[in-house]
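K.L.:
okay, sequence plus prediction incoming.
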Amino acid sequence: MTHARIFSRAVTAALLTTVISACADTHGIAPKSAGPRDVASIHMDATLTAANVAPSPWPALEWWTPYQDAGLDTLMDEALKNSPSLAAADARLSKALSASDLARTALQPSFVASGSATYERLSKNFEIPPPYGGMWTWVNDARVTATYELDLWGKNSAALASAIGQAKAAEVDSFAAKLLLTTAIGHAYVQLAEAYELRDVARATLDARQKMLDLVKNRVSAGMDTQFEVKEAEAAIPAAREDIATYDESIRLAQDQLAALAGAGPDRGLIIPRPNFKLGQASERPLLPANLPAELLGHRPDIVASRLRVEASSQSIKSAKAAFYPNVDLTAFAGLQSLGLSRFFDEGSVVAGIGPAVTLPFFTGNTLRSTLSNKTADYDAAVATYDQTLVNALKEIADDLNSLRAVREKSVQQAEAQVTADAAYKLAVERYQAGLGTYLQVLSAEELVLTQRSLAADLRARQVLFTVALVGALGGGFESPSEQRAEK
């Protein structure tokens, strides 16, 4: 090899290196975020200790079945089949899968078949001389062209990895939509049960007030009371009926909400039976997994989806960086060409070719840098979303645990107050019957009883609501693909 040839190759390599370096100038463009936050940096040990709950397994996938309520099971089945929100989530998943399929095609050869037959006058002074030049004839062309991009810098591979990550995130989003739907149905169903219980209290109150009115009338007949007490007793009855109407409205609204969540019309709500689980029994549910919060990362679908989007954004950055480097395409074609139709299928009409095409993005630096800046901003946003989702998830768990503890403490105090109120009311009625007390004292004692009975129903319902909310906060039975593989 001559010195001139060695020098020529060295110069060529130096020039190519300079061009590539100039094209791939990404100085100053990098994510601001150092990456997703470590769950260990968010402390909640003291909160979990203060919650004073026994460790339990993670929620089951069909977390509502232990309630053993056929009406609730039916609503859940209908909603999972017919809910428009789930249909929308499935559509988003299909779109994400299509995007990943499209990204995959960039790593595969593409084939295009084309053909043309044009009757035209050929120029005398161009490529084809006379006698064809200057005459009208058919110009025919039929070929198959294959193109393959050499993914030397991993641009297309990174784009595919990003698309696959987005598709996985959309798949997890579908589960998150199911979890949101089932917990919403659980909340509405508990509210329906509470409305029925409160209506029972109102009906019992109406019955008691009707009996009290009869007692007052008997005392008036005996000369022990006046018409003033009769009017007071009569005025209390419409108020009880008003309460019944209020709870009837609450029942109907809860039924409408459940019907809508199930993807049906209001008439479906009319045939929803009264919940047959007891609020007190339904609240006795497993509360806290033993390995929280570390494994929450694999059991909360929104956290898993956010993490997948962070990883997909990271791959998008790699793809955007690779776009700064030269692009090499291989193109091959084979077909037939002829002037005139008579010899179009002759052996001599065969045409073929193969060769590379190199594109240097030398004058598109501003566009590429803007694209890369956009991708790094998307990554920072994805990391911030992940961090916030993680913080919110732990907050939801802490809030539900604290609320459950508070409700249970309140329930103990309420039970004591209920016993006292019932005893006071019984004593007030007995004193009134014996002529030792006034009707005003009976009304005052009755008000305390009604308050405590309503509060008892509310506390029982709130305990179940917070239990359902905790199921959602713990992921509702979701397991990330890595968790599923670990079990296998």
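P.N.:
That came through fine.
K.L.:
and residue 272, how far from residue 370?
P.N.:
55 Å (CB to CB, to the nearest Å). Yep, even glycine has a C-beta here, placed from its N, CA and C like the rest.
K.L.:
next: residue 43.
P.N.:
Distance of residue 43 to residue 370, computed by CB to CB: 40 Å.
K.L.:
kindly report the same for residue 172.
P.N.:
31 Å.
K.L.:
between residue 43 and residue 370, who's got more neighbours?
P.N.:
The neighbour count for residue 43 versus residue 370, taken as other CB atoms under 10 Å, is higher for residue 370 (13 against 9).
K.L.:
helix or strand: which one has that one?
P.N.:
helix 365-433 (DSSP states H and E).
K.L.:
what's the first helix or strand after that helix?
P.N.:
Assigned by DSSP H and E, the successor of helix 365-433 is helix 439-473.
K.L.:
can you count the residues close to residue 231?
P.N.:
11.
K.L.:
likewise for residue 317?
P.N.:
With other CB under 10 Å as criterion, residue 317 counts 21.
K.L.:
and what of the one 5 residues further on?
P.N.:
One way to gauge burial is a neighbour count; for residue 322, by other CB under 10 Å, it gives 19.
K.L.:
which residue packs closest to it, ignoring adjacent ones?
P.N.:
residue 155 (3.4 Å; CB to CB, 6 or more residues apart in numbering).
K.L.:
where do the strands sit along the stretch 201-350 of the chain?
P.N.:
288-289, 327-339, 350-359 (DSSP state E, counting those that start in this stretch).
K.L.:
tell me the most buried of those?
P.N.:
Counting by mean count of other CB atoms under 10 Å, strand 288-289 has the highest mean neighbour count of those, with a mean of 19.
K.L.:
which residue, other than its chain neighbours, is closest to residue 425?
P.N.:
Closest to residue 425 by CB to CB, 6+ apart is residue 445, at 4.1 Å.
K.L.:
remind me which residues of the stretch 1-150 of the chain are low pLDDT?
P.N.:
The stretch 1-150 of the chain contains residues with pLDDT under 70 at 1-27, 52-53.
K.L.:
now do the contacts for the residue nearest to residue 121 when sequence neighbours are not counted.
P.N.:
Distances taken as CB to CB, 6+ apart put residue 136 closest to residue 121, at 4.9 Å, once the chain neighbours are dropped. Neighbouring residues of residue 136 by CB atoms under 8 Å, 6 or more residues apart in numbering: 119, 120, 121, 122.
K.L.:
turn the residues you listed into TSV, including distance to residue 384, secondary structure and neighbour count.
P.N.:
Below are these laid out as TSV (distance: CB to CB, whole Å; DSSP: H, G, I helix; E, B strand; the rest coil; neighbours: other CB atoms under 10 Å):
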residue	distance to residue 384	secondary structure	neighbour count
119	63	strand	10
120	61	strand	9
121	65	strand	10
122	64	coil	17
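K.L.:
now, among these, which is nearest to residue 378?
P.N.:
residue 120 (50.5 Å; CB to CB).
K.L.:
SS state for the residue lying farthest from the centre of the chain?
P.N.:
Distance from the centre of the chain peaks at residue 131, with 72.5 Å (CA atoms, centre = their mean). Of the three states, residue 131 takes coil under DSSP: H, G, I helix; E, B strand; the rest coil.
K.L.:
and if you look at residue 117?
P.N.:
Strictly by three-state DSSP, residue 117 counts as strand.
K.L.:
could you find the closest non-adjacent residue to it?
P.N.:
residue 140 (4.9 Å).
K.L.:
how about the secondary structure of that neighbour?
P.N.:
Classification of residue 140 using three-state DSSP returns strand.
K.L.:
and it, how many neighbours does it have?
P.N.:
21.
K.L.:
next, the contact list for it, please.
P.N.:
116, 117, 118, 336, 337, 338, 339, 340, 341, 344.
K.L.:
and residue 477, what pLDDT?
P.N.:
At residue 477, the model reports a pLDDT of 89.
K.L.:
return the distance of it relative to residue 62.
P.N.:
In terms of CB to CB, residue 477 sits 7 Å off from residue 62.
K.L.:
between these two, which one's more packed in?
P.N.:
residue 477 (18 against 14).
K.L.:
pretty sure the more buried one sits against residue 59.
P.N.:
Yes - under the criterion of CB atoms under 8 Å, residue 477 makes contact with residue 59 at 5.1 Å.
K.L.:
contacts only, for the residue most central in space within the chain.
P.N.:
Within the chain, one residue has its C-alpha closest to the average C-alpha position: by CA atoms, centre = their mean, that is residue 176, at 3.7 Å. Neighbour list for residue 176: 301, 302, 305, 478 [criterion: CB under 8 Å, 6+ apart].
K.L.:
so what's the residue count around the closest residue to residue 326 other than its chain neighbours?
P.N.:
Leaving out its chain neighbours, the residue that sits closest to residue 326 by CB to CB, 6+ apart is residue 360, at 5.1 Å. Per other CB under 10 Å, the neighbour tally for residue 360 reads 14.
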